[in-house]
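Undergrad: The following comprises the amino acid sequence and a computationally predicted model.
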Amino acid sequence: MIRTELCQLLGIKYPIFQGGMAWVATGELAAAVSKAGALGIIGAGNAPPEIVRKEIKKVKDSTDNPFGVNVYYMSPYVDEIISLIIEEKVPVITTGGGNPGKHINALKSAGIKVFPVVASVALAKRLERLGVDGLIAEGMECGGHIGDIATMPLVPQIVRAVNVPVIAAGGIATGEGFAAALALGAVGIQMGTRFICASECTVHKNYKEAIIKAKDRDTVVTGFSGHYVRVLKNRLARQFKELEERGASTEEFEALGAGGLRKAVVDGDIEYGSVMAGQIAALVDDVKPAKEIIEEIVAEAEEVIIKISRYLD
Ligand code: TUI
């Protein structure tokens with residue numbers, strides 16, 4: 001059994017977070033993950049509060065175990081979603097796409113545990129000073145919006161820079177990756193891409209199949225000026241590359257990207273939709289219940305830790 005301080009801190013059985021993926025991480029997925037003993041997280045993305053409230057209700061109706069909501073800091077509804085999280089007494093918040101500093105006091109006063117996603121040491125240090133409970137260090141192997149440092153160098157730098165628990169994210173979907181994250185000093189992992197292929201995940205089946213088919217070089221980073229997104233290669237990604245090559249304007253990028261994630265997740269359009277996935281998609285090769293995903297990765301990580309301890313002379 002792998003238990004770390006994160007388990008006691010949050011009252012969870014396994015030190016595993018499910019990534020709070022916009023459109024993908026619905027109440028159904030979060031409920032299944034939390035029920036299985038890890039931390040399920042609803043992805044608020046750009047959704048208005050009334051939609052997020054319904055997803056929170058789904059989790060509460062399904063389990064009493066802790067769960068979280070991820071707030072995307074480029075959403076137009078950030079302040080309203082924070083109020084909703086406080087009102088609903090959501091146990092844990094994770095954040096992405098920006099600096100959640102201005103909301104930390106209000107969240108802490110409400111007894112909510114705060115775990116921002118960071119992609120740099122500077123932001124990690126700043127947020128530690130503001131009193132966060134832990135940090136999720138997300139390497140650029142992950143899917144969706146990415147920073148520019150890979151998990152292997154990012155995690156130990158953040159671990160050395162702060163005194164709060166650090167969770168490793170980006171490129172993890174196997175027991176080997178889980179064990180490696182612990183070796184880097186993390187006290188837990190976050191997985192997104194692996195949980196897209198959970199049976200309970202409500203994304204279109206074409207999205208799951210695209211991840212299962214993906215091989216090592218099948219993701220690509222598209223975007224411009226500090227806003228980079230990792231997706232599976234498809235026609236939309238090629239159109240983005242063309243825009244990059246001719247130095248297109250922000251407006252052109254935004255017009256091409258608009259609604260892309262919904263198109264992939266809801267309509268199953270994996271050619272013209274934005275199929276966000278991490279590089280570890282190549283090692284995701286089946287759809288199964290969240291509980292089995294969690295129990296399998298924990299058992300694998302235990303085996304890896306025992307195996308590598310034999311190298312000690
Ligand atoms: O946010 C993510 N991953 C995402 S966001 C997204 S895009 C989206 N599309 C439609 C609807 C809603 C969302 C897809 N994937 N990961 C966490 C993350 N946060 N990665 C990098 C950062 C980040 C970037 C800048 C965190 C903080 C930050 O701060 C800048 C500053 O102010 O210092």
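TA: On my side now, so go ahead.
Undergrad: In the protein, what residue comes closest to the ligand?
TA: Among all residues of the chain, residue 144 sits closest to the ligand, at 2.2 Å; criterion: C-beta to the nearest ligand atom. C-beta coordinates here come from the backbone N, C-alpha and C atoms, glycine included.
Undergrad: Chain neighbours aside, what residue packs nearest to that residue?
TA: Spatially, and ignoring its direct neighbours in sequence, residue 144 is nearest to residue 276 (4.3 Å; C-beta to C-beta, 6 or more residues apart in numbering).
Undergrad: next one: residue 56
TA: residue 88 (5.2 Å).
Undergrad: what's around that neighbour, how many residues?
TA: Using other C-beta atoms under 10 Å, the number of residues around residue 88 comes to 16.
Undergrad: Report the backbone C-alpha coordinates of the strand or helix carrying residue 229 in CSV.
TA: Per DSSP states H and E, residue 229 falls inside strand 227-232. The C-alpha trace of strand 227-232 is given here as CSV (Å, rounded to 0.1, in the frame of the first residue of the first chain):
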residue,chain,number,x,y,z
HIS,A,227,-0.3,30.2,-24.7
TYR,A,228,0.6,26.7,-25.8
VAL,A,229,-1.7,23.7,-25.9
ARG,A,230,-0.7,20.1,-26.4
VAL,A,231,-3.2,18.1,-28.5
LEU,A,232,-3.3,14.9,-30.6
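Undergrad: buried residues in it?
TA: Neighbour-count burial for strand 227-232 flags 229-232 (criterion: 16 or more other C-beta atoms under 10 Å).
Undergrad: same question, stretch 158-168
TA: For stretch 158-168, by 16+ other C-beta under 10 Å, it's 158-159, 161-162, 164-168.
Undergrad: just the helices in the stretch 151-300 of the chain please.
TA: 151-161, 175-183, 193-196, 205-213, 235-245, 250-257, 260-265, 290-309 (DSSP state H, counting those that start in this stretch).
Undergrad: Can you give me the buried ones in the worst-scoring helix or strand of the chain on mean pLDDT?
TA: Among the helices and strands of the chain, helix 250-257 carries the lowest confidence by mean pLDDT, DSSP states H and E, at a mean of 87. Buried residues in helix 250-257, counting neighbours by 16+ other C-beta under 10 Å, are found at 253, 256-257.
Undergrad: do stretch 100-115 as well
TA: For stretch 100-115, the neighbour count (16+ other C-beta under 10 Å) marks 100-101, 103-104, 107, 112-115 as buried.
Undergrad: Please apply the same query to stretch 13-24.
TA: For stretch 13-24, using 16+ other C-beta under 10 Å, the buried residues are 14-24.
Undergrad: Need the winner for burial among the helices of the stretch 151-300 of the chain.
TA: Burial of the helices of the stretch 151-300 of the chain is given as mean neighbour count (mean count of other C-beta atoms under 10 Å); helix 193-196 ranks first at a mean of 28.
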